[in-house]
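predicted model and sequence follow; I will ask about them next.
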Amino acid sequence: GSKATVSVLNWSLLVAVTMVNERSKLVDVEERERTQSVGDQTEMCYEKGSAHMWFTVLVSITAPILWGWTIGYTSPTFSVSSNETHPYDLNVVFDISDNQKAWLSSSIMLAGGVGGLFGGIPVDKYGKKAVMITCNALFLIGYILFKTTPAVDAGASNKTQMVQLLAARVIMGLAGGLTCMSVPAYTAEIAPLQQRGLIGCVFQVGVNAGLSLVYGLGYFVHWDDLCIVAMGLASVGLIGGLMVPESPQWLINKGARVEAEAAIKKLRTPDSDTHTLLNNYTVVKTQSEEDLAAKGDIVGELLKYPRNKALAIALGLVFTQQFSGINVVMCFGGEIIGKVYPDPDVANKYALIMQLMMFGMVVFASAIMPLFNRRTFLIAAEIGMLISFGLMIVYFFNEDTVAKEVVLIGYFAFPLTFSFGMGSIPWLALGELLHPRVRGLASAICTFASWLASFFTVQTVGTFQNIFGKDKDDGRGIGGLFAMYACISFLGMLFIIFFLPETRDKSYNAVERQLTGAKKQAEQENGGDEF
């Protein structure tokens, strides 16, 4: 039904945004380490962003907004009305089945994973500005394709419709993956040192702004008008991209010192110390070249013990996160509350409360994260998730005898405890677990695996529900799903307890000694050389 479909799309949205935000955090970790590694060689100097720099920041936010818009686009357009025959509902306009809806939702994840996995190649070869322009162009093409797909009343076959719709969504997904690779790095490289933290938030702000905009407008504007708005925004980003400079760091890396100096003068006020800034970018280039030369065969390094073990643990964390059960709560969130409280207004109220609570928990967890070990957070989160699952399992296997408040408590508690630990810490731990010499390749592998796992989950959750219940309306199907994911979460907790080393405030040497079994010596490590 419509509730299940909307919930699938809402879950897809959450997973995609979570991975986008987590990837951004990993980029932040890498940027801090890069800055620290050359900090004793660069010179402090006066620099202030010009008006053109702020214009450049506004231009760079268009692609993230479009990515957030794309992630959230299918939710309001598939749920314009609770009436299944609403004339502007996409599944009526294009005669889309439930399975096809799932493909339209999940295809951007798969394409986004491919774009993210291979996006580093064009970013390094053609520049971050060029890739950002390409992203806006791809979004524009994708939405034109989606908008021009012939409707049922035009005599188009379902096959013709789905080929064009899926092609549009795949193009948008590729644009999203490339956006994740280019925009965070670009904004970090054009920002003055004192404002790097503020400008570094542009990517996450843009994605969440796109989500909010498409959700807000989606209940008032038809699906095709939403395409037109997106096409307009992509056009603004495309034209604006031609008016902004390339990253000075990329230009220096390519030996274009004159062009880099011109870019710095555009991005900084006239009284900024352009000469020192140019030298600092050159120092970063030299350090990067030395690091690259030291890495040698990155694949060979990654396959060596204990770095292959670190990669295996990182992948284990990624899969524990993606198959931990958040998919069940978000995928069938509407159906869960709908079965307990059939009134749509009540269900929507509880869904909104849950999302606000999750946001608050993320903020709270971020504030106290420095005070506790990573393993403590993760284990506490897993225990809370298991308890929440238990409450929902009990209710759905005993709907006639258990109070409604039981499932409501579990429904609220599960995403809260997930956000507390499993939502972000696995990627933070990944940044601390993987050695800098192999982190680029390893993080690309883990990111792609995460996208792939989320794609698989969206595609199969309905199948598992039918396996555990007589049909999709059988509460035991949802209860069975909760039981399955509770088992996976329990195994994930054991994995964390027995295999994940503590990485908080540990040098990479200390972490690698833990991986090789020299735990006591690693625990006595107080910092030292990270390489």
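The structure has been received and is ready for your questions. Numbers count the residues shown, from 1 in each chain.

okay, now the residue nearest to residue 107 when sequence neighbours are not counted: neighbour count?
Among residues not flanking residue 107 along the chain, residue 169 sits closest, at 4.7 Å (C-beta to C-beta, 6 or more residues apart in numbering). For every residue, glycine as well, the C-beta is placed using N, CA and C. By other C-beta atoms under 10 Å, 25 other residues sit near residue 169.

are we agreed that residue 169 is in a strand?
No. Counting by DSSP: H, G, I helix; E, B strand; the rest coil, residue 169 is not part of a strand but helix.

for residue 323, grab phi and psi.
Main-chain torsions, residue 323, degrees, to the nearest 10: phi -110, psi 20.

so it is in contact with residue 485, correct?
Yes. Between residue 323 and residue 485 there is a contact under C-beta atoms under 8 Å: 7.0 Å.

more neighbours: which of these two?
residue 485 (26 against 19).

tell me the SS of the more buried one?
Here residue 485 is helix, with the state taken from three-state DSSP.

got it, and the one 5 residues further on?
The local conformation at residue 490, judged by three-state DSSP, is helix.

now do the contacts for it.
For residue 490, the contact set (C-beta atoms under 8 Å, 6 or more residues apart in numbering) comprises 382, 386.

hmm, try it at 10 Å
382, 383, 385, 386, 389 (C-beta atoms under 10 Å, 6 or more residues apart in numbering).

show the residue spans covered by the helices in the stretch 151-300 of the chain.
Using DSSP state H, counting those that start in this stretch, the helices of the stretch 151-300 of the chain run over residues 158-190, 196-200, 202-218, 223-241, 248-253, 257-267, 274-295, 298-303.

before we move on, the earlier item: out of the contacts of residue 490, which are buried?
Buried members of those, scored by 16 or more other C-beta atoms under 10 Å, are 382, 385, 386, 389.

that older thread, for the residue nearest to residue 107, give its distance to residue 387.
Separation of residue 169 from residue 387 (C-beta to C-beta, to the nearest Å): 37 Å.

pLDDT averaged over stretch 204-224 - what is it?
Averaging pLDDT along stretch 204-224 yields 77.

in it, what's buried?
For stretch 204-224, a neighbour-count test (16+ other C-beta under 10 Å) marks 204, 206-211, 213-215, 218, 221-224 as buried.

shaky segments in the stretch 1-150 of the chain?
1-44, 75-76, 78-89, 91-92 (pLDDT under 70).

now do the shared contacts for residue 323 and residue 485.
Common contacts of residue 323 and residue 485, defined by C-beta under 10 Å, 6+ apart, comprise 457, 492.

just to revisit the earlier point, now distance to residue 456 too, for the helices of the stretch 151-300 of the chain, in a markdown table please.
As requested, the helices of the stretch 151-300 of the chain are exported to a markdown table (distance: least, C-beta to C-beta, whole Å):
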| stretch | distance to residue 456 |
| --- | --- |
| helix 158-190 | 15 |
| helix 196-200 | 31 |
| helix 202-218 | 23 |
| helix 223-241 | 27 |
| helix 248-253 | 35 |
| helix 257-267 | 43 |
| helix 274-295 | 32 |
| helix 298-303 | 24 |
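
what sits against the residue in the chain sticking out farthest from the centre?
Using C-alpha atoms, centre = their mean, the residue of the chain lying farthest from its centre is residue 401. It sits 40.0 Å away. By C-beta under 10 Å, 6+ apart, the residues touching residue 401 are 394, 395.

dihedrals phi and psi, it?
With angles defined as degrees, to the nearest 10, residue 401 sits at phi -120, psi -10.

quick one: the helices in the stretch 1-150 of the chain?
All helices of the stretch 1-150 of the chain, identified by DSSP H, counting those that start in this stretch, fall at 2-38, 51-60, 62-78, 90-93, 98-118, 120-126, 128-147.

in the stretch 251-400 of the chain, where is pLDDT below threshold?
Applying pLDDT under 70 to the stretch 251-400 of the chain flags the ranges 284, 287-296, 327-336, 338, 343-349, 351-356, 358-360, 362-363, 365-367, 369-370.

send the alpha carbons of stretch 175-189 over as CSV?
What follows is stretch 175-189, C-alpha atoms only, in CSV (Å, rounded to 0.1, in the frame of the first residue of the first chain):
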residue,chain,number,x,y,z
ALA,A,175,25.8,13.2,-10.2
GLY,A,176,25.2,12.7,-6.5
GLY,A,177,28.2,10.4,-6.1
LEU,A,178,30.4,12.9,-7.9
THR,A,179,29.0,15.7,-5.8
CYS,A,180,30.0,13.9,-2.6
MET,A,181,33.6,13.6,-4.0
SER,A,182,34.0,17.1,-5.3
VAL,A,183,32.1,19.7,-3.2
PRO,A,184,33.5,19.0,0.3
ALA,A,185,37.1,19.1,-1.0
TYR,A,186,36.5,22.2,-3.1
THR,A,187,35.0,24.2,-0.3
ALA,A,188,37.8,23.2,2.1
GLU,A,189,40.4,24.3,-0.4
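
hang on, isn't residue 237 packed against residue 136?
Yes. Judged on C-beta atoms under 10 Å, residue 237 makes contact with residue 136 at a distance of 3.7 Å.

which neighbours do the two have in common?
59, 62, 63, 66.

mind listing what residue 136 touches?
Residue 136 makes contacts with 59, 62-63, 66, 175, 179, 233-241, as judged by C-beta under 10 Å, 6+ apart.

just the buried residues from these, in PyMOL please.
Remark: buried members of the contacts of residue 136, expressed as a PyMOL selection using 16+ other C-beta under 10 Å:
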select buried, resi 59+62+63+66+175+179+233+234+237+238+240+241
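
so which of the contacts of residue 136 is the closest to residue 116?
Nearest to residue 116 out of the contacts of residue 136 is residue 179 (C-beta to C-beta; 9.2 Å).

how about the nearest residue to the closest one, chain neighbours excluded?
Distance criterion C-beta to C-beta, 6+ apart; nearest residue to residue 179, sequence neighbours excluded, is residue 63 at 4.4 Å.

and the helices in the stretch 351-500 of the chain?
With DSSP H, counting those that start in this stretch as the criterion, the stretch 351-500 of the chain has helices at 374-397, 404-417, 425-433, 436-468, 475-499.

now the second one: average pLDDT?
Read that as helix 404-417. 86.

same check, this time on the fourth one
This predicted structure assigns helix 436-468 an average pLDDT of 76.

distance to residue 281 added to the shared contacts of residue 237 and residue 136, as CSV?
Formatted as CSV, the shared contacts of residue 237 and residue 136 follow (distance: C-beta to C-beta, whole Å):
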residue, distance to residue 281
59, 21
62, 25
63, 24
66, 29
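
and these, which two are furthest apart?
59 and 66 (12.3 Å).

who touches both of those two?
Residues touching both residue 59 and residue 66 (C-beta under 10 Å, 6+ apart): 136, 237.

in stretch 255-263, what counts as buried?
Neighbour-count burial for stretch 255-263 [16+ other C-beta under 10 Å]: 256, 259, 260, 261, 262, 263.

tell me how far it lies from the chain's centre.
Mean-position distance between stretch 255-263 and its chain equals 33 Å (C-alpha atoms, centre = their mean, to the nearest Å).
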